[in-house]
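Asks: Any chance you could fold what I've pasted below:
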Amino acid sequence: MIIVIPLAKRSGLIEWCEGTRPLGAWLVGDERRLGLSVEDGVARGSGNMGAHLRYRPDDMIPASAKKMLVSVRDKPIDKKLFVFKEICEKLKYACLERNYF
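Replies: Residues are numbered from 1 along each chain as shown. Modelled structure (predicted):
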């Protein structure tokens with residue numbers, strides 16, 4: 001059952017969908033349970049592989065991207081932009097590769 005909370009005439013918020021997963025869980029999966037290391041980016045376990053690892057196994061793992069972003073949190077905007085562009089080169093869109101949307 002889907003409950004939509006109207007926000008305006010043409011938009012709303014989906015409140016509840018049974019048997020679904022959040023988009024972030026689908027994209028990233030469960031990196032800790034898989035045994036993914038930020039240092040080596042290699043899966044050594046089994047479990048819920050996210051779309052990034054499943055469809056783009058040679059890309060940077062999302063946990064590495066997050067670690068890089070956290071490291072420049074308090075840095076000047078030019079440093080943040082440099083790191084963001086570096087991440088974008090190494091972590092491509094997983095959902096666009098297979099035309100999911």
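Asks: tell me which helix or strand of the chain sits lowest on mean pLDDT?
Replies: Across the helices and strands of the chain, mean confidence by mean pLDDT, DSSP states H and E is lowest for helix 31-34: a mean of 57.
Asks: Which SSE is immediately downstream of that helix?
Replies: helix 51-55 (DSSP states H and E).
Asks: Restrict that next one to CA atoms and write it as CSV.
Replies: This file holds the C-alpha atoms of helix 51-55, laid out as CSV (Å, rounded to 0.1, in the frame of the first residue of the first chain):
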residue,chain,number,x,y,z
ALA,A,51,24.4,-1.2,-7.4
HIS,A,52,27.7,0.7,-7.5
LEU,A,53,29.7,-2.5,-6.7
ARG,A,54,27.5,-4.8,-8.7
TYR,A,55,27.4,-2.8,-12.0
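Asks: Now do the strands in the protein.
Replies: 3-6, 12-16 (DSSP state E).
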